[in-house]
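>>> could you work out the structure for the sequence below:
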Amino acid sequence: MMTKSIIGKWHGLRQGSVGHRTVADILTGSSFLANMSVTHTYEHIFNKMVSALEWHPDYNLVLIGSRGGDISLVDLKNRTVKLCHRGGGRGQQITDIKCDLLDTNWYYTSSTSGKIIKQRLDGRDEIILKDTYISDEFYSSSRFSCIDVCPQRKLLVAGDSRGTIHLMPSCESESLVNSKTNCFSIGVHNSNILHTEFNKFNSDLFITASIDCTAKLWDTRMFSSHCSKPLLNIRHSHPLNSATFSLVNGSTLLITNYFDEISVYRGPNWQLERCIKHCHEQTQRFCLLKAKWHPLCELFLIGTFSSNPSVSGHYYDRPQAVDVIDPQNGQIKSSLSDGNPGVISISQFNTSGDIIAAIKGQNLIIFESIDSD
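Residues are numbered from 1 along each chain as shown. I've put the predicted structure just below:
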C-alpha cells in the first residue's frame, strides 16, 4: 500500500523518472544517494548569512532568505539569482518561507521583524497578513519563528517567540486579512515555538515544537481562542528544533532536539518507536539544524555539528556533512559534503527527491544524483 501511494504521488510530480533516476531507484534509497555530488555552489548570495530555504513547486527553483531580510529566487536550470525582496537589515531575519501551492507566483514569509507577509515572486506586490510592530514604542511585540500553510483549508499557522500560535486565512483578499474576526492568537507554549507544520494527509492536524522541551499535536476543529488543549503533549529533556510529519504517509513523526537526538513516533497513537543518536548541536552561529523528509520515501536528512572537537573538529576549520538517515533503523545511508570548512545548517530535498539544496553560511550548495556512466 505504501509503495502504491508513493508511486501515485510521484506520478503527479513528473512522468517516468527523477532526472536520471527511476522510481525504483528512489524507493530503494541507495542508488541515487551513492552518486550524489556537488554540481554547483552559489557563493555570497547575501551580505549576511542565509537563514531560510524553501523549494518552489517547480523543482528547479529555490527561495532563500537572509538574516538581513533579503529574499532571492535561485534558478538552477539557468544558474541565475534574482532578488525578490530587499530587507531592512538588522532585526529583519527571515525565519521561514513557504510557497503558495494554490498560486505558485506567491510565497509567504515570517521574520523577526514581527511580520507575516504574502509576496509575489516578481516583487511587485505584497500583503501583510500579520504585523506586531507597535509604532508608539518602536518595537515588535512578537518575533515570528515559523509558519506553515494548509492549501486545503486556506489556513496559515505561525509560531512566535512568546510561545503563541497565530491562525489566519492564507489570504484571498486584503479585506479578509484586515478582518480581526478571521485571525486569532493564543499562547500554547512557555517559550519560543521553533517549528509548526500541518499534516499533509490530514489537514485537521498540525504540530508545534518549542524551546520549552515539548511538542504538541493540535486539531484545528478543536482549536479556538477559548480552548487550547492539545491532542497530544510530548515532553523531552532538551529544547526542540522541529517536529515534522512524513511526506509519504503522514503517520511517521520526527522530533529533532537541540543536541544529539532525533525521536521517531508512529501514528495513529504516536507512540515512541526509537531514538536516533546524531550530533547536531545548536549554536547561535548558524541556523537550527532540523530533520527534513525525502518527499517520496522514508528517508530524512540533517546537518551535523558537535562542539566537542574530538567528535567533529572545530566547525570553522573542518568540513561538516549532511547525513541522510533511515528512520527504520537509524542507519546513515549517506554523508554528503562539499569538502570545504563550515556547517551545513539547512538542507532540503526538492519536490522530486533527486536534488538537495544546502546552506553553508552565505552559500547555497546543490547536490545532485549524477549517472556514473
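>>> in this protein, what spans have low per-residue confidence?
Within the chain, the stretches with pLDDT under 70 are 1-31, 134-141, 172-182, 225, 227, 283-286, 306-319, 371-373.
>>> mind running it again at 80?
Counting by pLDDT under 80, the chain has low-confidence residues at 1-32, 34, 59, 133-142, 171-183, 223-228, 280-287, 306-319, 370-373.
>>> now do the helices in it.
Per DSSP state H, the chain carries helices over the ranges 2-13, 23-28, 31-34, 174-178, 309-312.
>>> ok, residue 358 - contacts?
Residue 358 makes contacts with 303, 322, 336, 344, 346, 347, 348, 364, 365, 366, 367, as judged by Cβ atoms under 8 Å, 6 or more residues apart in numbering. (Each C-beta comes from the backbone N, C-alpha and C, glycine too.)
>>> change it to 6 Å
Residue 358 makes contact with 322, 344, 347, 365, according to Cβ atoms under 6 Å, 6 or more residues apart in numbering.
>>> same question for residue 121.
Shown in contact with residue 121 (Cβ under 6 Å, 6+ apart): 73, 84, 105.
>>> how close does the second one sit to residue 128?
Counting by Cβ to Cβ, to the nearest Å, the separation of residue 84 from residue 128 is 16 Å.
>>> who has more neighbours out of those two?
The neighbour comparison of residue 84 against residue 128 (other Cβ atoms under 10 Å) goes to residue 84, with 19 against 15.
>>> surely that one touches residue 124?
No: using Cβ atoms under 6 Å, residue 84 is not in contact with residue 124; the gap is 10.0 Å.
>>> a markdown table for the contacts of residue 121, including distance to residue 290?
Rendered in a markdown table, the data for these read as follows (distance: Cβ to Cβ, whole Å):
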| residue | distance to residue 290 |
| --- | --- |
| 73 | 22 |
| 84 | 23 |
| 105 | 27 |
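>>> can you list contacts of the lengthiest strand in the chain?
Ranked by residue count and defined by DSSP state E, the top strand of the chain is strand 202-210. For strand 202-210, contacts defined as Cβ under 6 Å, 6+ apart pick out 150, 152-153, 157, 159, 189, 191, 193-199, 215-221, 240, 242-243.
>>> wait, which of the contacts of residue 358 is closest to residue 282?
Ranked by distance to residue 282 (Cβ to Cβ), those are led by residue 344 at 14.2 Å.
>>> how many other residues sit next to that closest one?
As a measure of burial, residue 344 has 28 neighbours, counting by other Cβ under 10 Å.
>>> contacting residues for it?
For residue 344, the contact set (Cβ under 6 Å, 6+ apart) comprises 303, 322, 358, 360.
>>> do the same with residue 245
Each residue near residue 245 by Cβ under 6 Å, 6+ apart is listed here: 199, 253.
>>> rewinding a little: sheet partners, orientation included, of the longest strand of the chain?
Strand 202-210 has its sheet partners listed here by DSSP bridges as strand 193-199 (antiparallel), strand 214-219 (antiparallel).
>>> residues contacting the shortest one, please?
When contacts are defined by Cβ under 6 Å, 6+ apart, strand 214-219 is touched by residues 204, 206-209, 230-235, 240, 243, 255.
>>> need the contacts of residue 358 in TSV (columns: distance to residue 291).
Below are the contacts of residue 358 laid out as TSV (distance: Cβ to Cβ, whole Å):
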residue	distance to residue 291
322	11
344	13
347	10
365	18
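>>> ok, so of those, who is nearest residue 269?
Nearest to residue 269 among the contacts of residue 358 is residue 347, at 30.3 Å by Cβ to Cβ.
>>> do you have the strands of the stretch 251-373 of the chain handy? List them.
252-257, 261-266, 271-277, 292-293, 300-303, 322-325, 332-336, 346-349, 355-360, 363-369 (DSSP state E, counting those that start in this stretch).
>>> what's the shortest one in contact with?
Read that as strand 292-293. Residues from elsewhere that reach strand 292-293 (Cβ under 6 Å, 6+ apart): 246, 247, 300, 301, 348.
>>> and the two most separated of these?
Of all pairs drawn from the contacts of strand 292-293, the greatest distance, 14.8 Å, lies between 246 and 348 (Cβ to Cβ).
>>> neighbour count winner among these two?
residue 246 (23 against 20).
>>> and the nearest residue to the more buried one once chain neighbours are set aside, how many neighbours does it have?
Of all residues not flanking residue 246 in the chain, residue 252 sits nearest, at 3.9 Å (Cβ to Cβ, 6 or more residues apart in numbering). For residue 252, the count of nearby residues is 21 (other Cβ under 10 Å).
>>> same check, this time on the one 5 residues further on
For residue 257, the number of neighbouring residues by other Cβ under 10 Å comes to 22.
>>> ok, back up a step: deepest-packed of the strands paired with strand 202-210, please.
strand 193-199 (a mean of 24; mean count of other Cβ atoms under 10 Å).
>>> what's the spacing between residue 326 and residue 293?
For residue 326 relative to residue 293 (Cβ to Cβ), the value is 12 Å.
>>> off-centre distance for stretch 35-48?
Computed by Cα atoms, centre = their mean, to the nearest Å, the chain-centroid distance of stretch 35-48 equals 18 Å.
>>> ends of that stretch, how far apart?
Chord length of stretch 35-48, first to last residue, is 32 Å (Cα to Cα, to the nearest Å).
>>> identify each buried residue in that stretch, please.
By 16 or more other Cβ atoms under 10 Å, the buried positions in stretch 35-48 come out as 35, 36, 38, 42, 45, 46, 48.
>>> noted, bye for now.
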